[in-house]
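1. Quick check, what structure comes out for this input:
(2 chains)
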Amino acid sequence: MVKEIERAGIPVVHMCTITPISLTVGANRIVPTIAIPHPLGNPALDKADEKKLRRQLVEKALNALTTEVTGQTVFDK
Amino acid sequence: MKLELGYVQIKDIVFGNESKISNGVLTVDKAPIEALAKEDDRIKSVTIDIAKPGESVRITPVKDVIEPRCKVEGDCDIFPGTIGSVKMAGFGKTHVCKGMAVVTAGKIVGFQEGIIDMKGPGADYTPFSKLLNLVCVFEPVDGLKQHDYEEAVRFAGFKIAKYIGELSKDVKPDSTETFEVCDFKENMEKFKGLPRVGYVHMLQSQGLLHDTYVYGVDAKKILPTLMYPTEVFDGAIVSGNCVSACDKNPTYVHMNNPVVVDLFKHHGKEINFCAHIITNENVYLADKQRSSNFTAKLCEMLALDAVIITEEGFGNPDADLIMNCTKIEKKGIKTVLVTDEYAGRDGGSQSLADADPLGNACVTGGNANEVVVLPKLDKVIGTLDYVNKIAGGNENSMRPDGTIEIEIQAITGATSEVGFNKLTATY
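-> Sure thing, here's the model as predicted:
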């Protein structure tokens, strides 16, 4: 899906936990997430901290989306 | 140091008033087994039945398959750390009730239990159709959560297998086999010049009822570590998972791990089998990175020349498999991967979720998406209620005439990734 949407000219950021697979399948902008059963959240955190974590992830993804890349890039900083 | 396995061949199982093994016939008194199961107040009832090879019997939903064993000499109990005390396994003497198994069943998750047919084409796909099976179907108390039900059935299965195993304690084995292991210094001196071969044994540890236990420890909490390869023969590693039936390792398979058994056969002849490394398949990327770093480090520290890597399950564990492979290969150590495939019903899709050119030696246990039609059988132990929901089935799997059209994914042990079945492919 990532590749097909990009083929249509729309930039895509792939948020996923197992980034090596994302690299193998050919995503260009990759944002690592928390864990396979809960990629965009962390049930171990309390509600306020989890909201903060979720916001950070979304902001990181939006930032990745607007960053020029020359090849496959994992935004792991 | 050595472990002697004494094989007590079981030729038949019958019900009777007193549990015993006599002339190869196992007589089972149901009452003590029911009592063992009900020691756990989470179990409401257990139904005990016998399924023999060639009978028109279908067992489902299957949770685990366990081989009854008993320690005759040595420090530990069978299943150390799980139901036995936490003592080291793999030494002394162990009796094995060969030719039979305890099969545990019940609707724990529903879609992640399996099918064992004792007759017909389904029987050809499961290694457990060749055994005399003592089948225990467990009903939970009302309102019991799935993870509690899983744990209760897991422990009940081990207790029953131990109870049956202990009946063989004073029986003279029909044959014996000895497995000898030594420390690293002796190993280096004794087998100098032979290629140093290790086994990287990946354990299912994705969590949410996808777990394996090592001496009672949840494998997702371990860092990769070393075992004497004889330890598995005493039940040091047990299954606690509800995952696709075809490629999980039931406890029986851990106790008879064919990679370990076959490496022992070649040990001291063509190869020096000098390391059994266990690792996990966790769902956090950092865990996958850490564990594969550690397996590669252990292989390097042990100066291995080659390793066999086996996977358990599929999907994201394919990433662990490839990470183990590439990191070990980059140390200059040859790898052979043993896995299975999810290549679609026509076999035309990519088989694994991840791949790498360094993974250039691979053995497959077959394509789990292959569809088979299972005939209607005369007797069902358990229930057919979940056949349409089981992984590998769909809403049309149960046909009106009683036959079942289903992927072999649903058949327990069909595409074993440690090579415990006959299925494979070449290209």
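
2. Just the helices from chain A, written as ranges.
-> In chain A, the helices defined using DSSP state H lie at A:2-7, A:19-25, A:47-65.

3. List the buried residues in the first one.
-> Neighbour counts using 16 or more other Cβ atoms under 10 Å in any protein chain shown place A:2, A:6 of helix A:2-7 among the buried residues. Using the backbone N, CA and C atoms, a C-beta is placed for each residue, glycine as well.

4. ok, back up a step: and the helices of chain A: which comes nearest residue B:13?
-> Nearest to residue B:13 among these is helix A:19-25; the distance by Cβ to Cβ comes to 45.9 Å.

5. by contact count, what packs against that closest one?
-> helix A:2-7, strand A:29-32, helix B:317-329 (3 or more Cβ pairs under 8 Å, 6 or more residues apart in numbering or on different chains; DSSP states H and E).

6. Mind doing that once more with 7 Å?
-> Contacts defined by 3 or more Cβ pairs under 7 Å, 6 or more residues apart in numbering or on different chains; DSSP states H and E place helix A:19-25 against strand A:29-32, helix B:317-329.

7. could I get the helices of chain A as TSV with distance to residue B:345 and mean pLDDT?
-> As requested, the helices of chain A are exported to TSV (distance: least, Cβ to Cβ, whole Å; pLDDT from 0 to 100):
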stretch	distance to residue B:345	mean pLDDT
helix A:2-7	23	90
helix A:19-25	21	90
helix A:47-65	35	96
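
8. and among those helices, the most buried is which?
-> Using mean count of other Cβ atoms under 10 Å in any protein chain shown, the stretch among the helices of chain A with the greatest mean number of neighbours is helix A:19-25 (a mean of 20).

9. What lies in contact with that helix?
-> Helix A:19-25 is contacted from outside by A:14, A:16, A:30, A:32, A:72, A:74, B:285, B:319, B:322-323, B:353-355, using Cβ atoms under 7 Å, 6 or more residues apart in numbering or on different chains.

10. what's the closest non-adjacent residue to residue B:378?
-> Excluding the flanking residues, the one nearest residue B:378 by Cβ to Cβ, 6 or more residues apart in numbering or on different chains is residue B:56, at 3.8 Å.

11. Distance check, the one you found against residue B:379.
-> As judged by Cβ to Cβ, to the nearest Å, residue B:56 and residue B:379 stand 6 Å apart.

12. Determine which two of the contacts of helix A:19-25 are furthest apart.
-> A:32 and B:355 (20.3 Å).

13. how many other residues sit next to whatever residue of chain A ends up closest to chain B?
-> Closest contact between chain A and chain B, by Cβ to the nearest Cβ, is at residue A:36 (3.9 Å). For residue A:36, the count of nearby residues is 20 (other Cβ atoms under 10 Å in any protein chain shown).

14. most remote residue from chain A's center?
-> Centroid-distance maximum for chain A: residue A:46 at 22.4 Å, with Cα atoms, centre = their mean.

15. picking up where we left off before, mean pLDDT and distance to residue A:7 added to the helices and strands packed on helix A:19-25, as CSV?
-> Shown next, in CSV, are the helices and strands packed on helix A:19-25 (pLDDT from 0 to 100; distance: least, Cβ to Cβ, whole Å):
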stretch, mean pLDDT, distance to residue A:7
strand A:29-32, 96, 15
helix B:317-329, 97, 25
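
16. Nearest approach to residue B:20 belongs to which of the ones you listed?
-> With Cβ to Cβ as the measure, helix B:317-329 is the member of the helices and strands packed on helix A:19-25 nearest residue B:20 (42.5 Å).

17. other SSEs contacting the closest one?
-> Counting contacts by 3+ Cβ pairs under 7 Å, 6+ apart, helix B:317-329 packs against helix A:19-25, strand B:196-204, helix B:285-301, strand B:306-310, strand B:334-341.

18. pLDDT on the shortest one, on average?
-> Averaged across strand B:306-310, the pLDDT comes to 98.

19. With the longest one instead?
-> Predicted confidence along helix B:285-301 averages 97 (mean pLDDT).

20. Tell me the buried residues in it?
-> B:285, B:287, B:288, B:291, B:292, B:294, B:295, B:296, B:298, B:299.

21. out of those residues, which touch chain A?
-> Among the buried residues of helix B:285-301, the ones lying near chain A by Cβ under 7 Å from any Cβ of the partner chain are residue B:285.

22. burial count for the residue of chain B found nearest chain A?
-> Ranked by Cβ to the nearest Cβ, the top residue of chain B for proximity to chain A is residue B:283, at 3.9 Å. Using other Cβ under 10 Å, the number of residues around residue B:283 comes to 22.

23. Torsion angles phi and psi at the nearest residue to it once chain neighbours are set aside?
-> Excluding the flanking residues, the one nearest residue B:283 by Cβ to Cβ, 6+ apart is residue A:36, at 3.9 Å. For residue A:36, the backbone dihedrals (degrees, to the nearest 10) come out as phi -60, psi -50.

24. Enumerate every residue touching residue A:36.
-> Residue A:36 neighbours (Cβ under 7 Å, 6+ apart): A:17, A:18, B:283, B:316.

25. got it, and residue B:326?
-> B:356, B:358 are the contacts of residue B:326 under Cβ under 7 Å, 6+ apart.

26. and if you look at the one 5 residues further on?
-> Residue B:331 makes contact with B:296, B:299, B:300 under the criterion Cβ under 7 Å, 6+ apart.

27. what would the residues you listed look like in a markdown table with distance to residue B:395?
-> Shown next, in a markdown table, are these (distance: Cβ to Cβ, whole Å):
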| residue | distance to residue B:395 |
| --- | --- |
| B:296 | 44 |
| B:299 | 46 |
| B:300 | 50 |
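
28. Distance to residue B:414 for the contacts of helix A:19-25 - can I get that in JSON lines?
-> Supplementary listing: the contacts of helix A:19-25 in JSON lines, determined by distance: Cβ to Cβ, whole Å:
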{"residue": "A:14", "distance to residue B:414": "33"}
{"residue": "A:16", "distance to residue B:414": "30"}
{"residue": "A:30", "distance to residue B:414": "35"}
{"residue": "A:32", "distance to residue B:414": "35"}
{"residue": "A:72", "distance to residue B:414": "37"}
{"residue": "A:74", "distance to residue B:414": "37"}
{"residue": "B:285", "distance to residue B:414": "30"}
{"residue": "B:319", "distance to residue B:414": "23"}
{"residue": "B:322", "distance to residue B:414": "23"}
{"residue": "B:323", "distance to residue B:414": "26"}
{"residue": "B:353", "distance to residue B:414": "20"}
{"residue": "B:354", "distance to residue B:414": "23"}
{"residue": "B:355", "distance to residue B:414": "23"}
